[in-house]
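**Student:** Dropping a prediction and its sequence here:
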Amino acid sequence: MSTDVRVLVVEDEELAAEAHAEYVRRVDGFELAGVARSAADALRHLAQDPAVDLVLLDMHLPDGHGLALLQRLRAAGHPCDVIAVTSARDTEVVRRAVTQGVVLYLLKPFSFAMFRSKLEHYAAYRAQLAGIDDDVVQDEVDQVFGALRTRSGAAELPKGLGPETLRQITEALRAADAADGLSASEVGALVGASRVTARRYLEHLADQGRVERSPRYGGGGRPQVAYRWRR
């Protein structure tokens, strides 16, 4: 009997739904249970297949908000865990998601590496929970909840990149109001890093889908690459 985590993708956009489904298939230990394109589809699927372990839930559905669907799932007695996979950045939505038991929150756009990382944290959480007795001690509870968190920012960065510099560059980009973005030299000047160093971090953020690249023309030389935080 399969012990894989069975996943239902709830996403109304066709391309995103297909991508998320394919991502699930690529992560060891996870099995795609199905794809639902609306809240109604999700409810029908779970009524027919109550063995779903995890729902990847978009917040913006054509027939209602994702959190409203989550309330209906709980009212119907579905015990499945939920990871929000959404572009919803409203602080109130995040707060409500936490209060309604969403275990992880993944913001679009994201890379496969980020998606896989979230699922691996969830798998570690389930493994921790399954490996302890009925009566837990504080340390065991801390380990279970700690499995849902990123263990080390540096561990998920490419070799040579550090979490503190990444944080500074991220903050600098998010605070910038330049419509055409900032060059690596400009970002480096803001955080006290060389152009080459800043460019490595900016390219990493671009590969993660968090930063947009665009050419900036001016002067007689080659165009610069400008980086702008995705809003």
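**Tutor:** Thanks, I have the structure now. Numbering: from 1, shown residues only.
**Student:** Would you mind measuring from the nearest residue to Gly66 once chain neighbours are set aside to Arg126?
**Tutor:** With sequence-adjacent residues excluded and distances taken as CB to CB, 6 or more residues apart in numbering, Gly66 is closest to Met59, at 3.9 Å. For glycine as for every other residue, the C-beta is placed from the backbone atoms N, C-alpha and C. Relative to Arg126, Met59 is positioned 24 Å away (criterion: CB to CB, to the nearest Å).
**Student:** which one of these two has more residues nearby?
**Tutor:** Ranked by neighbour count (other CB atoms under 10 Å), Met59 and Arg126 place Met59 first, with 24 against 17.
**Student:** Can you tell me how far the more buried one is from Leu106?
**Tutor:** In this structure, Met59 and Leu106 are separated by 11 Å, where distance is defined by CB to CB.
**Student:** so Asp207 touches Ser111, yeah?
**Tutor:** Yes: using CB atoms under 8 Å, Asp207 makes contact with Ser111 at a distance of 6.5 Å.
**Student:** Please parse the protein into its domains.
**Tutor:** When the chain is parsed with automatic domain parsing, its domains come out as 5-151, 163-229.
**Student:** Would you format the ones you listed as JSON lines with mean pLDDT included?
**Tutor:** Shown next, in JSON lines, are those (pLDDT from 0 to 100):
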{"stretch": "domain 5-151", "mean pLDDT": "87"}
{"stretch": "domain 163-229", "mean pLDDT": "85"}
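**Student:** the helices in the protein, which residues?
**Tutor:** Along the chain, counting by DSSP state H, helices occupy 14-26, 39-48, 66-75, 91-99, 112-130, 138-146, 163-175, 184-191, 195-207.
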